[in-house]
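# Sequence first, then the predicted structure:
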There are 2 protein chains.
Amino acid sequence: MKHTKVKDLLNSTKTLHEVNAKGWVRTFRNNQFIALNDGSTIHNIQCVVDFENTPEETLKRITTGAAVSVTGELVESKGAGQKFEIQVKKLEILGDSDAEKFPMQPKKHSLEFLRANAHLRVRTNAFGAIMRVRSVLSFAVHNYFQERGFVYVNTPVITGADAEGAGEMFQVTSLPLDNLPKNEEGTIDYSKDFFGKHTNLTVSGQLEGETFAMALGQIYTFGPTFRAENSNTSRHLAEFWMIEPEVAFNNLDDNMDLAEDFIQYVIKYTMDKCQDDLKFLEGRLLEEEKSKPQAERSEMSLLEKLNFVLENNFKRVSYTEAIDILRDSTPNKKKKFQYIINEWGADLQSEHERYLVEKHFKCPVILFDYPANIKAFYMRLNEDGKTVRAMDILFPGIGEIVGGSQREERYDVLVEKMKALGIDEEELWWYLDTRRFGSAVHSGFGLGFERLVLFVTGMTNIRDVIPFPRTPMNAEF
Amino acid sequence: MKHTKVKDLLNSTKTLHEVNAKGWVRTFRNNQFIALNDGSTIHNIQCVVDFENTPEETLKRITTGAAVSVTGELVESKGAGQKFEIQVKKLEILGDSDAEKFPMQPKKHSLEFLRANAHLRVRTNAFGAIMRVRSVLSFAVHNYFQERGFVYVNTPVITGADAEGAGEMFQVTSLPLDNLPKNEEGTIDYSKDFFGKHTNLTVSGQLEGETFAMALGQIYTFGPTFRAENSNTSRHLAEFWMIEPEVAFNNLDDNMDLAEDFIQYVIKYTMDKCQDDLKFLEGRLLEEEKSKPQAERSEMSLLEKLNFVLENNFKRVSYTEAIDILRDSTPNKKKKFQYIINEWGADLQSEHERYLVEKHFKCPVILFDYPANIKAFYMRLNEDGKTVRAMDILFPGIGEIVGGSQREERYDVLVEKMKALGIDEEELWWYLDTRRFGSAVHSGFGLGFERLVLFVTGMTNIRDVIPFPRTPMNAEF
């Protein structure tokens, strides 16, 4: 008979004469009670084994991690915590798991240990929950944009352009590194490489995305992006997924509205669909914080924090206002900041962003109108001639989660800026074409998906919210 | 006032006193009629300009490709082909487009020319339609799996494993190629590379996906994959998007059922949502085929072909049966095949697949139970000891669209196979763990997304169904 998912069995509206479930043993107590999980839900189904009529040999093989198939009656459970359980009539061991060797013991493991076993950590409650939440969040992203008529665009991962300057890039090549072809000048002959030129992994799909927005109106990307930066922090990955909507005719205010509405939608959607997983993760966070000093613990529980974001508008603050607040702040005056804010024009560090979000405003903040010289070349210059229509969204505990801008739609201004920064116009001929032919006001932003997953799951290290993290010195699996 | 999308204006249920539309001029006839498109639909909205009261200077700037904002009354159209049009009261040129220089003239361009202008081709009817269909097909993929409780898994793009052997790989590095670090033996010192080892771009997320399926039950990937193969054909890309579901406890029959149901669902979904675009693409294909000899034209129109796939089961044929059919076929006997089929064990070429699908069965075909030695190491060995539980789905005009298998779940058999093929067990320790701990029957497949888009749009070159194709010697944009 076809097996039924544990989730569906637990959600059954009635007892059932015969059901089959397949999954993995989480625990086996008293030679009688199997806690069986198949990944469809955080909850296990209790399977009661008739141990008196089960061969000793079989009982011994019911170990943590073993794959089993159980057939029996779905009955109301007498135990606490579950409505139904299976009275097992037939049990089959599908795949053994040596209890001595299986790394995922039914006990608490450190997150470091689990990272080293990323292929198995997803068999734990926490990582099962995280990966289900991540999946639902992804779907919420697509749902949001598709419902509103945005076109999903797969911008290229391998790129010949390296002008954007969003960060250090990985090189992609099919040349033999131990026998590189050289040209007459003795330098590497990239005309022999697969693409006939030097290529990298993309740091952003924005520039290509803009060309599509200027044809299809509203587009979004959602794909992997890369940074070859040696940042061994809990907030950085070398490979991460980014969401980049781009909308023709949107100005910066429209862009802020879109970003805020989008974030609130996907969080709401996920809270609706993942109640059990989020409740579990809330408990996990509470437990984790018990080991921290009181001052470092969150004021709100995970679900309170998520609800707070849904129920409160993001505070919109200009860079200039932010600088005033920071300059007058206690940590600045007492020189507690590593980087003291003295004057307008300073680039904001993580410590400043955190102060604004966590101490001053105590809510998500949208900073906008930054000094032109600390932002990218494609951002729309304001009439003041010194600020650009940039925005960053800062979240408590996470820092920057969104970076975006209204784009410079004026050909002459854009070219002048590129010249000043030494960006090759020839290389970006196609990007400039969007300003040559039917240019218009347009805006977009990039949201680092893993930072959003961090926020929603209450995890604190970004390596714990992606299946197989890529970080300096680590490309295992 | 906020602008309204052209799609919504055309679908209006009533006339409206004042509306604003923004978009790009497709054509401007008689100094009076603007065909305006904003990418929300294949259809343009006709905007009737009051040319007697519009300055000559402005009229001159209404050129193909220009971005304009029109405000006026939405009235019933007297012209054929549209229900509504805009009587323009106010017109603003947002961005000019020099009629002499704009590459997308209102005439027929060759597909080659359009590929060289991939950043602008999306402003044409055909490519607007293709990209909207591609987007809706993507969403259909997510919808199908999410509705059924599959977990979306982002497997890594950068991988340290290169054992799968699905094809040539691109190398990823942050080492300076003109100054490579060497170790004592004089070979490249990869311990100095970003990840501390040699890394490549993934050719498949399957192996990582399997580890998640053996925890979460049902998973799917949908992400970019890469082949560094010098295949300059209309069916190959160096960078393409692949969908890879993997399901614990599914055998090969379940796998075939899943693949067939999935393909039919996404096609049906897209036909429902993209009627106008598909109708346009059907006409395009008809037009294109007029230039071909009668014998090469399709027997069915695009929509007939799509309906045919929905209404007919895929024909399931074992490799052994297929060989018998091919051996007895006219092209084999008359030596019309480039590769003559003489005996069981031969690898099938594209010409054989096409014969089976297009001439013999005239419907999608699932071939299964292939000889073990022409298939990958991870496929489940049948009891006959010489075939494996592999399946390929072949589509008319496209060839192989799906490759999948039941996976070898037996640790000993798998290790023996890896040894025989010289695949490093140490490198795949994590993959082998799925067979060490709680192994079970499981199956999955990979579907090349662009081939599906080819089929659904009726395009014939895979470079025309991805925004910015990556092929040998081409990584522009």
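Structure received.

# And the lowest mean pLDDT element among the helices and strands of chain A?
Ranked by mean pLDDT, DSSP states H and E, the weakest helix or strand in chain A is helix A:350-354, scoring a mean of 93.

# After that one, heading C-terminal, what element do we hit next?
Counting by DSSP states H and E, the next helix or strand C-terminal to helix A:350-354 is strand A:365-371.

# and after that following strand, which helix or strand comes next?
Using DSSP H and E, the next helix or strand after strand A:365-371 towards the C-terminus is strand A:387-395.

# how about that next one: buried residues?
A:387-395 (16 or more other Cβ atoms under 10 Å in any protein chain shown). C-betas here are computed from N, CA, C, even on glycine.

# List the buried residues in the least confident helix or strand of chain A.
Buried residues in helix A:350-354, counted by 16+ other Cβ under 10 Å: A:352-354.

# still on that earlier bit, pick out whichever of the buried residues of strand A:387-395 sits closest to A:Phe226.
A:Phe226 has its nearest neighbour among the buried residues of strand A:387-395 in A:Asp392, at 20.8 Å by Cβ to Cβ.

# so A:Glu246 sits in a strand?
Yes. The assignment for A:Glu246 by DSSP: H, G, I helix; E, B strand; the rest coil puts it in a strand.

# Wait, it touches A:Val441, no?
No. With contact defined as Cβ atoms under 8 Å, A:Glu246 does not count as touching A:Val441 (12.0 Å).

# neighbour-wise, which of those two wins?
A:Glu246 (31 against 22; other Cβ atoms under 10 Å in any protein chain shown).

# and the stretch 1-150 of chain A, which residues reach chain B?
Contacts of the stretch 1-150 of chain A with chain B, taken as Cβ under 8 Å from any Cβ of the partner chain, map to A:3, A:5, A:7, A:22-25, A:38-40, A:65-67, A:94-98, A:101-102, A:104, A:118-120, A:122-123, A:128, A:131-132, A:134-136, A:138-139, A:142, A:146, A:149-150.

# Check those residues for burial and list the buried ones.
The buried subset of these (16+ other Cβ under 10 Å) comprises A:3, A:5, A:7, A:22-25, A:38-40, A:65-67, A:94-97, A:102, A:104, A:118-120, A:122-123, A:128, A:131-132, A:134-136, A:138-139, A:142, A:146, A:149-150.

# Identify those among those residues that sit within strands.
Counting by DSSP state E, the part of these found in strands is A:22-25, A:67, A:94-95.

# ok so, going back, I would like the residues contacting the least confident helix or strand of chain A, please.
Contact with helix A:350-354 is made by A:322, A:326, A:331, A:337-339, A:341, A:392, A:394, A:399-400, as judged by Cβ atoms under 8 Å, 6 or more residues apart in numbering or on different chains.

# what does stretch A:49-68 give?
When contacts are defined by Cβ under 8 Å, 6+ apart, stretch A:49-68 is touched by residues A:22-28, A:31-34, A:36, A:87-89, A:91-99, A:102, A:104-106, A:123, B:214, B:437-440.

# Please apply the same query to stretch A:130-144.
Taking Cβ under 8 Å, 6+ apart as the rule, stretch A:130-144 contacts A:42, A:122, A:152, A:220, A:222, A:243, A:262, A:265-266, A:269-270, A:273-274, A:277-278, A:281, A:449, A:452-453, A:456-457, A:459, A:464-467, B:138-139, B:142, B:146, B:150-154, B:212, B:216.

# All set now, cheers.
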